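# any chance you could fold what I've pasted below:
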Amino acid sequence: MRAPNANHAWAGAFFEELARSGVRHACVCPGSRSSLLAIAAADTDGLRVWTHVDERSAAFFALGLAKAARAPVALVCTSGTAAANFAPAVVEAFFARVPLVVLSADRPPELRGVGAPQTIDQTRLFGAHVRWFAEAALPEPGEPALRQARSLACRAVAEAHGATPGPVHLNLPFREPLDPRPSAAGAEDAATPAALGRPPRPYTEVLRPPAEPSAAMLAFVAERVRAHARGVIVAGPADLDDDATAALAALADAAGWPLLAEPAAQLRAGAHAPHRAQIAHADWLLRDDAFAAAHAPDVVLRVGAMPTSKAFRLWQERAPAAHALVVDPGAGWEDPSALASALLRADPARLAERVLRQLA
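The predicted model follows:
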């Protein structure tokens, strides 16, 4: 790596690792303190930079990109109130489990709380609505700082794209110079992992096994499918891929259960849809008290968050004795009505596919 000074060497190493860890898009808002981050993003191979004048718009654009790509998107802003405008999209990303890497440039510690312009307390700005927060150390010349930059970027992506995906926030303070003026102390010519990383792999690679259902879990679910004809599969808001949606539709067909699909569950389109077991507008039926009472379920197998339909929630609450099985590969507790009889920590596609085999 050849950088004009320590700040730009740090930022270049950081963005290299973001890209090597799977980040393909960066949404950048203008600002002085974040200018070196914008330059580093633009200079990083394999990273597309989207420029946005308005921070709120940038954050929701990044949210949509991350949803569509099913991969973390970097979101960059300058110091001061700029990052506060990210808050609505960050909160939505937290609850929707959408991975974002929020990068707020900041002034150095000695300029905080002393009346410096464009300065607020940015530490833990989003409170409990991020999966992880960290404040980076100020960049310094030398390999230790570059190793920390690379490691920090790898961890940020891993935390954002973990078992329970969501936004992470890194606060990045910088002293002057922010522009690329040359400094001998900032030049890094050594062919070391600190200077070059470990291309094409990330500097620190995080390998996670899929959330495989255990034999006991499969037997547990299959037994309830066999024993109860009055069951229903519910797909709430979730980022389900084609394998999961096809497997859930096939399981509904094999069990003879209806499939209630929330619009945000990705089940109303694709090769499996329209499926004969799928009821896209169950809310209309469940608003009829007589129909809802006559069709009370014995088993509810839910994937994703609780559906937004109030009629569905009340229908399930009127049948508290039903087996309520919630499939969630992450570490969440998606049970607002406190009715779950079991939380199944498994990938929805793998669970549905393997239960199908047991039923065959």
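# please enumerate the helices of this structure.
Taking DSSP state H to define them, one finds helices in the chain at 6-20, 35-42, 55-69, 87-96, 143-160, 193-196, 215-227, 242-255, 282-286, 289-294, 310-317, 348-359.
# so which of those comes closest to Val76?
Of all those, helix 35-42 sits nearest to Val76, with 5.1 Å by C-beta to C-beta. In short, each C-beta sits where N, CA and C put it, glycine included.
# and Ala338, which of the helices of the chain is closest to it?
Smallest distance to Ala338 across the helices of the chain (C-beta to C-beta): 9.5 Å, for helix 310-317.
# that closest one: which residues count as buried?
Within helix 310-317, the residues scored as buried using 16 or more other C-beta atoms under 10 Å are Ala311, Phe312, Arg313, Trp315, Gln316.
# one more: stretch 328-341?
For stretch 328-341, using 16+ other C-beta under 10 Å, the buried residues are Asp328, Pro329, Gly332, Glu334, Leu339, Ala340.
# make JSON lines from the helices of the chain and add distance to Leu267 to it.
Shown next, in JSON lines, are the helices of the chain (distance: least, C-beta to C-beta, whole Å):
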{"stretch": "helix 6-20", "distance to Leu267": "32"}
{"stretch": "helix 35-42", "distance to Leu267": "36"}
{"stretch": "helix 55-69", "distance to Leu267": "16"}
{"stretch": "helix 87-96", "distance to Leu267": "16"}
{"stretch": "helix 143-160", "distance to Leu267": "25"}
{"stretch": "helix 193-196", "distance to Leu267": "45"}
{"stretch": "helix 215-227", "distance to Leu267": "19"}
{"stretch": "helix 242-255", "distance to Leu267": "5"}
{"stretch": "helix 282-286", "distance to Leu267": "12"}
{"stretch": "helix 289-294", "distance to Leu267": "22"}
{"stretch": "helix 310-317", "distance to Leu267": "15"}
{"stretch": "helix 348-359", "distance to Leu267": "11"}
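# okay, now the domains of the protein?
With domains defined by automatic domain parsing, the chain comprises 6-196, 215-359.
# tell me the contacts of Leu170?
For Leu170, the contact set (C-beta atoms under 8 Å, 6 or more residues apart in numbering) comprises Val101, Val102, Leu103, Ser104, Phe133, Ala134, Glu135, Ala136, Leu152, Ala156.
# bridge partners for it, pull those for me.
Following DSSP bridges, Leu170 is listed with bridge partners Leu103, Ala134.
# low-confidence ranges, the stretch 51-200 of the chain, go.
Within the stretch 51-200 of the chain, the stretches with pLDDT under 70 are 184-189.
# and the nearest residue to Phe126 once chain neighbours are set aside, how far is that from Ala238?
Of all residues not flanking Phe126 in the chain, Val90 sits nearest, at 5.1 Å (C-beta to C-beta, 6 or more residues apart in numbering). To Ala238, Val90 is 20 Å away according to C-beta to C-beta, to the nearest Å.
# ok, those two, which is more surrounded?
With neighbours defined as other C-beta atoms under 10 Å, Val90 and Ala238 compare such that Val90 has more, 26 against 23.
# residue contacts, Asp298?
Asp298 sits next to His228, Ala229, Arg230, Gly231, Ala319, Ala322, His323 when contact means C-beta under 8 Å, 6+ apart.
# please redo it, this time with the cut-off set to 10 Å
Residues in contact with Asp298 (C-beta atoms under 10 Å, 6 or more residues apart in numbering) are Arg224, Ala227, His228, Ala229, Arg230, Gly231, Val232, Ala319, Ala321, Ala322, His323.
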